[in-house]
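Enquirer: Sequence first, predicted model second:
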Amino acid sequence: MSTISLGADTGMTRVYNFSAGPAALPETVLERARSELLDYAGTGMSVMEMSHRSKAFIDIAARAEADLRRLLGVPDDYAVLFLQGGASAQFAAVPLNLSAAGDTVAYVNTGAWSKKAIAEAKRYATVSVVASSEASGFGHVPPQAEWQMPAAAAYLHVTPNETIGGVAFDFIPEVGDVPLVADYSSSILAGPLDVSRFGVIYAGAQKNIGPAGLTLVIVRKDLLGRARDITPSMLDWQVAAEAGSMYNTPPTYGWYLAGLVFNWLDELGGLAAMAEINQRKAQTLYHAIDASNFYSSPVTQANRSQMNVPFLLADPALDKAFLAAAEERGLTNLGGHRSVGGMRASLYNAVSQEAVDALVAFMGDFEREHG
């Protein structure tokens, strides 16, 4: 079991955390945040206590944005926004910022989060679901050749990685002049990404960026200034961009922690290095699943997520015993989402190869005992 020192004689032990979110954070980030908790950079106060208008925090915010831009290679003609409300707030912000009343907007339905985005968009626009894998249980991504795009669409929305179903796009859609919008909440920063292929990328922070409460939006600047008159100021991307993401008090501590995560990724070697690490982790777990008759994956191989790995036991009656035994081994948060059941291991950036190896070893032991 992984441990870190949390002070003399605390005996504190850290588990292997496979939570889908809020998710594991890098231990070095947590250790640095702890060291700076009471006194950040000689200011005599915590980041949680300082004004978001202070020079100290303005420097934190600017450095975090610069580091993110470098990591992702964000072009200069894109605004980077650090907001609140989670990705779910962006389900409404997208149609309000990119469409007019009566417009048609296009969505690909590949799982639970796609469905939530579609339901919210229907409040503000005519939604055309151009492709869906719901009839087959969301086990794959429909090939683009099968999509039925409307004659005119204000934008096309996709969810490149479905957290609940563990389904991931293996391609970036070709959409011509239609702005491509993507909810990257559960796969942002997992590897290199060509931001220039998208009009808008948004992501809740609590998977690969930082703690819950922060939301990242990357939007091409020519798409700003289109919000409807009814759009709340807090959902208007142009308002946020003009205010430097400080139209109101931002989630300052989450922003600071995100900056520490960006720095950690830099020290690892950037997103290309992170992608290699994530590929090894996912291959380790999928190999164990595929080599067994006791475990199975519900997702088509081409569309298996590296971030969220759902798997099923041959006998669902053993699910509770599996989870209880896993907890005893320090392997936590392995239960599948309540809507689908089964198991799910989320392998976000901060989940180590050691954690995956420990999970695979446990799975082998459990199969030998119950198979």
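Expert: That came through fine.
Enquirer: Would you map the strands across the stretch 1-150 of the chain?
Expert: Here the stretch 1-150 of the chain has its strands, by DSSP state E, counting those that start in this stretch, at 16-17, 78-83, 104-109, 126-132.
Enquirer: Just the buried positions in the longest helix along the chain, please.
Expert: Secondary structure of the chain per DSSP state H: the longest helix is helix 270-290. Residues of helix 270-290 classed as buried: Gly270, Leu271, Met274, Ala275, Ile277, Asn278, Lys281, Ala282, Leu285, Tyr286, Ala288, Ile289 (neighbour count, 16 or more other Cβ atoms under 10 Å). In this view, the C-beta of every residue, glycine as well, is placed from N, C-alpha and C.
Enquirer: Then stretch 205-217?
Expert: For stretch 205-217, the buried set under the neighbour-count rule, 16+ other Cβ under 10 Å, comprises Ala205, Gln206, Lys207, Asn208, Ile209, Gly210, Pro211, Gly213, Leu214, Thr215, Leu216, Val217.
Enquirer: Next: stretch 84-102.
Expert: Residues 85-99 are the ones in stretch 84-102 that count as buried (16+ other Cβ under 10 Å).
Enquirer: same thing with stretch 356-371?
Expert: So stretch 356-371, judged by 16+ other Cβ under 10 Å, has buried residues Val356, Ala358, Leu359, Val360, Phe362, Met363, Gly364, Phe366, Glu367.
Enquirer: Can you classify the third one as helix, strand or coil?
Expert: It refers to Leu359. helix (DSSP: H, G, I helix; E, B strand; the rest coil).
Enquirer: Now do Ser187 against Leu271, distance only.
Expert: To Leu271, Ser187 is 11 Å away according to Cβ to Cβ, to the nearest Å.
Enquirer: Give me the neighbour count for Pro179.
Expert: Neighbour count of Pro179, defined by other Cβ atoms under 10 Å: 20.
Enquirer: what's the residue lying closest to it once chain neighbours are set aside in contact with, if anything?
Expert: Spatial nearest neighbour of Pro179, excluding adjacent residues (Cβ to Cβ, 6 or more residues apart in numbering): Gly199 at 3.0 Å. Listed by Cβ atoms under 8 Å, 6 or more residues apart in numbering, the contact set of Gly199 reads Leu98, Tyr155, Pro179, Leu180, Val181, Val219, Arg220, Leu223.
Enquirer: OK, contacts around the second one?
Expert: Contacts here follow Cβ under 8 Å, 6+ apart; on that basis Tyr155 touches Val94, Leu98, Ser99, Val105, Ala106, Val178, Pro179, Leu180, Val181, Gly199, Val200.
Enquirer: could you list every residue that touches Leu38?
Expert: Contact analysis of Leu38 by Cβ under 8 Å, 6+ apart lists Met45, Ser46.
Enquirer: can you check the one 10 residues further on too?
Expert: Residues in contact with Met48, defined by Cβ under 8 Å, 6+ apart, are Thr252, Tyr253.
Enquirer: Quick check: it vs Ala302, distance?
Expert: Met48 sits 44 Å away from Ala302, going by Cβ to Cβ.
Enquirer: contacting residues around stretch 249-263?
Expert: Taking contacts as Cβ under 8 Å, 6+ apart, the residues outside stretch 249-263 that touch it are 25-26, 29, 32-33, 47-48, 50, 52, 57, 60-61, 63-64, 67-68, 71, 82-84, 189, 205, 208-214, 216.
Enquirer: quick revisit: and the buried residues of stretch 84-102, which two are furthest apart?
Expert: Gly86 and Ser99 (21.0 Å; Cβ to Cβ).
Enquirer: which residue is nearest the middle of this structure?
Expert: Central residue of the chain (Cα atoms, centre = their mean): Ser186, 2.2 Å from the mean position.
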